[in-house]
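Asks: can't give you the sequence, but here's the structure:
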């Protein structure tokens, strides 16, 4: 019996330099891996490049085009809804900038397929720090964000803001996706926290994260501020039964 297909959701904004390579590497995996690119009207032609890839791989590459830059969180929500409207048993998140190694997707999906976990996070901090090409200041910020989030939420995840993960379909079905309004790092924290509070099993597997070599980082001070406030909001929503 063939496993249920896996949808890899990849949000893009100006990723024309990277998306072709990412797609090629995912397509080299088992045929059960499909790609959904959610493009926010990239002026560099990312969406057009994906359309050309679709012509060669119509069964495995899919595209949602959106008007304007609407944010990472809403892109993932659009991807999750797309998966739930179809027969995907597993849904992955992955960046388009090659910071995540597409070959690691199989390692993320395997524990979920085996029934060992419901959400698997590709962790930069399990068994040591596995980050390439980050300045020390950003590493300290990211690591401190994990300590801060764990202290407030009591989640046990080491890498709370990781954007490389796999969900069992049932996890996404159990979450009111329309109520998830975070963007940036806080989106990852919110999805992890809600899944955990609903009793789903979270697991981390070690991956190597490599900072992008092409294009510009989407990191901003606003993203950091949102994450800092979001953990308190989640804690209070949990206390009052409003997750």
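Replies: Received the coordinates, thanks. Treat the numbers as computed from the prediction; the structure is a model and nothing was measured.

Asks: what's the residue nearest the centre of the chain in contact with, if anything?
Replies: Nearest residue to the geometric centre of the chain (CA atoms, centre = their mean): residue 93, 3.1 Å. Going by CB atoms under 8 Å, 6 or more residues apart in numbering, residue 93 touches 8-9, 76, 79, 163-166. Yep, even glycine has a C-beta here, placed from its N, CA and C like the rest.

Asks: next one: residue 15
Replies: 42, 44, 46, 96-97, 215.

Asks: cutoff 7 Å now
Replies: 42, 46, 96-97, 215 (CB atoms under 7 Å, 6 or more residues apart in numbering).

Asks: got it, and residue 7?
Replies: 34, 36, 83, 88, 91.

Asks: neighbours around the last one, how many?
Replies: Residue 91 sits with 25 neighbouring residues when counted by other CB atoms under 10 Å.

Asks: Going forward, the N-terminal residue is numbered 19.
Replies: All right, first residue 19 from here; so that's residue 109.

Asks: and it, what are its bridge partners?
Replies: For residue 109, the beta-bridge partners are residue 25, residue 185 (DSSP bridges).

Asks: my read: it touches residue 27, true?
Replies: Yes - counting by CB atoms under 7 Å, residue 109 does reach residue 27; the two are 6.5 Å apart.

Asks: what residues does the strand or helix carrying residue 68 touch?
Replies: Secondary structure from DSSP states H and E places residue 68 in helix 64-74. Contact with helix 64-74 is made by 30, 32-34, 37-38, 41, 55, 57, 79, 81, 83, as judged by CB under 7 Å, 6+ apart.

Asks: mind redoing it with 6 Å?
Replies: 30, 33-34, 37, 41, 55, 57, 79, 81, 83 (CB atoms under 6 Å, 6 or more residues apart in numbering).

Asks: so of the residues you listed, which ones are in strands?
Replies: Members of the contacts of helix 64-74 lying in strands (criterion: DSSP state E): 30, 55, 57, 79, 81, 83.

Asks: what pLDDT does the last one get?
Replies: The reference is to residue 83. According to the prediction, residue 83 has pLDDT 97.

Asks: Now do the strands in the chain.
Replies: Counting by DSSP E, the strands of the chain are 24-30, 51-57, 79-83, 108-111, 137-141, 149-150, 183-186, 220-224, 227-228.

Asks: low pLDDT regions in the chain?
Replies: Counting by pLDDT under 70, the chain has low-confidence residues at 19-20, 230-245.

Asks: Could you pull out the helices in the chain for me?
Replies: 37-45, 64-74, 90-102, 123-131, 154-171, 187-192, 202-215, 239-257 (DSSP state H).

Asks: so which of the ones you listed comes closest to residue 223?
Replies: helix 123-131 (5.5 Å; CB to CB).

Asks: what angle sits between that closest one and helix 37-45?
Replies: Orientation of helix 123-131 against helix 37-45 (axes from the mean of the first three to the mean of the last three CA atoms, to 10 degrees) gives an angle of 50 degrees.

Asks: mind listing what's buried in helix 123-131?
Replies: Neighbour counts using 16 or more other CB atoms under 10 Å place 123, 126-127, 129-131 of helix 123-131 among the buried residues.

Asks: Appreciated, that's everything.
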